[in-house]
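Chemist: Predicted model, plus sequence, below.
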Amino acid sequence: MPASIPIVDSHIHLFAASHLPSLAWYGPDGPLGSQHSVDEYSHATSSVSNDTTTSKDVYLRGFIFLETDRLSSVSTEGSESFPGWKHALDEVAYLARIARGEPFQGEGHSSSDKDLCLGIVAWAPVPGGLEALSAYMALVKERTKSPEVWRKVRGVRYLFQDKPAGTMTAPDTVQGLRWLGQQGLTFDLGVDARQRGLDQLREAVTMMEQVYSGAKEDESVTIVINHLCKPNLRLPPDTIATHSDFLEWKDLITQMAQISDRTYMKLSGAFSELPSLSATTDLDLPGLVDYLQPWTDVIFNSFGTERIMFGSDWPVCNIGGGGNDVSWNRWQRVVEGILDRRGLTEEQKRGIWGQVALKAYGADI
């Protein structure tokens with residue numbers, strides 16, 4: 001019997017109830033307006049074991065945490081109630097407690113959960129210039145409180161999807177991304193083709209061209225692209241292959257993959273772009289794999305199996321995927337269907353379920 005494949009979930013978010021007011025998108029009546037910490041994640045992923053001796057095909061080895069879009073600003077300036085970096089640094093301290101196994105009461109994790117945290121991708125003021133970025137990362141290192149946890153800080157993210165045009169290609173941003181590469185840190189790229197338009201992808205391509213142009217290979221930043229760039233996954237099935245949105249998205253994704261072999265893609269985020277499922281809806285797995293295939297074919301044809309990684313986008317996947325009881329398991333099954341449809345080998349599947357993420361982020365298990 002083939003050895004079980006460890007899953008490294010390359011994209012999850014965590015936040016304690018006490019931190020909710022610091023989230024930029026928080027509203028008490030919103031679908032994510034409650035605590036989502038390791039306890040809730042463990043419930044969501046209970047369909048797969050975290051026991052390395054399991055006889056199941058796959059087991060959950062751990063996750064990469066992604067920053068949760070805290071109230072923040074690129075500069076340190078702010079009022080007493082809204083200091084520019086405070087909330088993002090508090091988030092780092094919270095993840096450090098998870099990674100050290102030292103929870104505060106009510107945070108939703110225990111000492112036994114620390115080994116699940118394989119990597120941390122923190123918020124950082126990337127467009128703020130080298131002085132701001134280097135100063136901020138020094139504070140991140142202080143907040144981790146131990147060399148072991150600091151080593152788990154594998155990269156940063158600064159969401160561009162809601163920022164003004166030109167932010168990605170500003171000189172300070174390009175210099176900041178090059179600096180991250182020199183420090184051995186990755187950058188997670190978040191853009192939104194469906195809601196913000198394909199202009200964001202065009203700008204992202206230009207940014208990548210500038211970042212990688214003339215950069216030394218051993219100092220080039222690794223860019224991990226989130227959620228297929230959030231394409232328009234609500235097109236009528238019979239129009240996808242010829243629709244202008246799809247065709248330009250395909251062209252731009254292909255360019256992203258070709259600019260550098262240090263660019264990676266997360267197979268994640270689809271439930272946020274597809275029509276919503278309810279908890280009681282029977283999942284039409286073959287139909288969903290069929291519908292997604294034009295997009296996933298582009299991803300595989302562009303990046304190859306060696307640069308694609310599984311991510312759940314938990315708990316955001318709960319909104320469109322039917323809730324915390326079913327959504328993570330549903331997406332895992334959809335990805336299984338996609339990989340089977342591609343006819344991948346066991347070794348290729350092992351890469352997408354975890355090994356690619358470990359390589360891209362420089363994380364260990």
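Modeler: Sure, I can see it.
Chemist: need the helices for the stretch 1-150 of the chain, in chain order.
Modeler: Taking DSSP state H, counting those that start in this stretch to define them, one finds helices in the stretch 1-150 of the chain at 38-44, 86-100, 129-144, 147-150.
Chemist: want to try a markdown table for the ones you listed, with mean pLDDT as columns?
Modeler: Listed next are the helices of the stretch 1-150 of the chain as a markdown table, based on pLDDT from 0 to 100:
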| stretch | mean pLDDT |
| --- | --- |
| helix 38-44 | 98 |
| helix 86-100 | 97 |
| helix 129-144 | 95 |
| helix 147-150 | 97 |
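Chemist: Pick the most deeply packed of these.
Modeler: helix 86-100 (a mean of 21; mean count of other Cβ atoms under 10 Å). For every residue, glycine as well, the C-beta is placed using N, CA and C.
Chemist: Outside of the longest helix seen in the chain itself, list whatever touches it.
Modeler: In the chain, taking DSSP state H as the definition, the longest helix is helix 285-303. By Cβ atoms under 8 Å, 6 or more residues apart in numbering, the surrounding residues in contact with helix 285-303 are 228, 231, 233, 237, 240-241, 246, 249-250, 253-254, 256-258, 263-265, 267, 270, 274, 308, 333-334, 337-338, 341-342.
Chemist: Buried residues in it, which are they?
Modeler: 288-289, 291-296, 298-300, 302-303 (16 or more other Cβ atoms under 10 Å).
Chemist: Just the C-alpha atoms of it, please, in PDB.
Modeler: Extracted C-alpha coordinates of helix 285-303, given in PDB (Å, rounded to 0.1, in the frame of the first residue of the first chain):
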ATOM      1  CA  LEU A 285     -18.500  16.700  -7.400                       C
ATOM      2  CA  PRO A 286     -18.100  15.600 -11.000                       C
ATOM      3  CA  GLY A 287     -20.100  18.600 -12.200                       C
ATOM      4  CA  LEU A 288     -18.000  21.000 -10.200                       C
ATOM      5  CA  VAL A 289     -14.800  19.500 -11.400                       C
ATOM      6  CA  ASP A 290     -16.100  19.700 -15.000                       C
ATOM      7  CA  TYR A 291     -17.000  23.400 -14.500                       C
ATOM      8  CA  LEU A 292     -13.600  24.300 -13.000                       C
ATOM      9  CA  GLN A 293     -11.600  22.400 -15.600                       C
ATOM     10  CA  PRO A 294     -11.000  25.300 -18.100                       C
ATOM     11  CA  TRP A 295      -9.500  27.300 -15.300                       C
ATOM     12  CA  THR A 296      -7.600  24.500 -13.600                       C
ATOM     13  CA  ASP A 297      -6.200  23.300 -17.000                       C
ATOM     14  CA  VAL A 298      -4.700  26.800 -17.500                       C
ATOM     15  CA  ILE A 299      -3.100  26.600 -14.100                       C
ATOM     16  CA  PHE A 300      -1.600  23.200 -14.700                       C
ATOM     17  CA  ASN A 301      -0.500  23.900 -18.200                       C
ATOM     18  CA  SER A 302       1.100  27.200 -17.100                       C
ATOM     19  CA  PHE A 303       2.700  26.300 -13.800                       C
END
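Chemist: and that helix, how far out from the chain's middle?
Modeler: 19 Å (Cα atoms, centre = their mean, to the nearest Å).
Chemist: Name every strand pairing with the next helix or strand after it and say which way it goes.
Modeler: Next along the chain after helix 285-303, taking DSSP states H and E as the criterion, comes strand 308-310. Strand 308-310 has the following sheet partners, assigned by DSSP bridges: strand 263-267 (parallel).
Chemist: now the strands: where do they sit in the stretch 51-200 of the chain?
Modeler: 58-66, 117-123, 153-157, 186-189 (DSSP state E, counting those that start in this stretch).
Chemist: and the last one, which strands flank it?
Modeler: Next to strand 186-189 in the sheet, as set by DSSP bridges, lie strand 153-157 (parallel), strand 223-225 (parallel).
Chemist: Kindly provide the distance from residue 22 to residue 11.
Modeler: Distance of residue 22 to residue 11, given as Cβ to Cβ, to the nearest Å: 21 Å.
Chemist: Please say which of the two ends up with more neighbours.
Modeler: residue 11 (26 against 19; other Cβ atoms under 10 Å).
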